[in-house]
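In: Please find the sequence and the predicted model below.
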Amino acid sequence: MKIATWNINGVRARIGNLLHWLQESAPDIVCLQEIKTMDEQFPRLEIEALGYHVETHGQKSFNGVAILSKLRFDEVNFGLPGEGEDDHARFMEGVFSTDRGALRVVSLYLPNGNPITEERKFGYKLRWMERLERWAGERLALEEPLVLAGDYNVIPEPADAKNPEQWVNDALFQPVTRQAFRRLCALGFTDAVRNVTHSADAYTFWDYQAGAWQKNNGIRIDHVLLSPEAANRLTSASIEKHVRAWEKPSDHVPVAVELDLSAA
DNA sequence: ATGGTTGGTAGCCAA
């Protein structure tokens, strides 16, 4: 079972790249972030034509997440509980049936949080991370394969940036941000790429500006966290870096994991 | 070097 996540930075601007990548990479389940469109304008027909079921949680202009799946959805849940007035579309969960029982997959788009001097930005990010920790802790109690995939907007460690010193005043690399991410992981999640990909320069994002891609000035902020029941079945993880060199690329690239969920 | 680039859309806004 190949499960991937990709911050596509506007699904309508990127539909050609998305269709090409779906055929090339052939993931079973895809978590998209920053679709930047309402559900009615999501290009679902082209994607369904490739054999995917499509569930979206869209919003006008900003944010928005989606899950594409070759498996039928048993259940879909939208939104992260814990803050009533939060109207950002940043979180959805799909539930699927496999030979090993239920599989839960989350597509999440964690708030960027910049600038750190603005409470409505950075405070929102930190509260969102607390809400995610609470939600994830409750889900872990189910003891099922659970995949939390998405754009976390967190650089976990200095090794996850080409130039860590460039990010010291950025919300993605604040000590308190990194601490919240470690707290989430410490509940029992495995950072799939961290544990499988041992190469340096394992980045998932390169800014459009200042020739970041050409200089390989990247950061690793798109993560796939696995519950113990999923981590036990992890066979590979990869960053599909070549997609960043395509025409009109997203500033993020797909990250994929392979789980062996065949019957015991 | 407080720059520069992109998407969606009329908010210089978010990233």
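Out: Received it, and whenever you're ready, just let me know what you need. Numbering: from 1, shown residues only, chains lettered A, B, ... in the order given.

In: Just read off the phi/psi values of A:Leu259.
Out: phi -120, psi 130 (degrees, to the nearest 10).

In: What is the neighbour count of A:Ala66?
Out: 25 (other C-beta atoms under 10 Å). For glycine as for every other residue, the C-beta is placed from the backbone atoms N, C-alpha and C.

In: Indicate each strand paired with the helix or strand that contains it and its parallel or antiparallel sense.
Out: Assessed by DSSP states H and E, A:Ala66 sits inside strand A:65-69. Paired with strand A:65-69 in the same sheet, following DSSP bridges, are strand A:29-33 (antiparallel), strand A:53-57 (antiparallel).

In: is that strand up against DNA strand B anywhere?
Out: No. Against DNA strand B, strand A:65-69 shows no contacts by C-beta under 7 Å from any atom of the strand, the least distance being 12.7 Å.

In: In CSV, could you pull the C-alpha coordinates for that strand?
Out: Extracted C-alpha coordinates of strand A:65-69, given in CSV (Å, rounded to 0.1, in the frame of the first residue of the first chain):
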residue,chain,number,x,y,z
VAL,A,65,-7.0,19.5,1.9
ALA,A,66,-8.1,16.4,0.0
ILE,A,67,-7.7,12.6,0.0
LEU,A,68,-7.6,10.6,-3.3
SER,A,69,-7.9,6.8,-2.9
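
In: I'd like the average pLDDT over it.
Out: Average pLDDT, strand A:65-69: 98.

In: Not counting that strand itself, show me its contacts.
Out: Under the criterion C-beta atoms under 8 Å, 6 or more residues apart in numbering, residues A:11, A:22, A:27-33, A:35, A:42, A:47, A:52-58, A:73, A:76, A:89-92, A:94, A:96, A:105, A:107-109, A:150 lie in contact with strand A:65-69.

In: Flag every residue of the stretch 101-250 of chain A that's near DNA strand B.
Out: Counting by C-beta under 7 Å from any atom of the strand, the stretch 101-250 of chain A sits next to DNA strand B at A:111-112, A:114, A:121, A:208-210, A:248.

In: A:Asn77: how many residues sit nearby?
Out: 14.

In: Checking whatever residue of chain A ends up closest to DNA strand B next. Helix, strand or coil?
Out: Residue nearest to DNA strand B within chain A: A:Gly10 (2.4 Å; C-beta to the nearest atom of the strand). Three-state secondary structure (criterion: DSSP: H, G, I helix; E, B strand; the rest coil) places A:Gly10 in coil.

In: just to revisit the earlier point, next secondary structure after the strand holding A:Ala66?
Out: Later in the chain than strand A:65-69, the nearest helix or strand by DSSP H and E is strand A:75-78.
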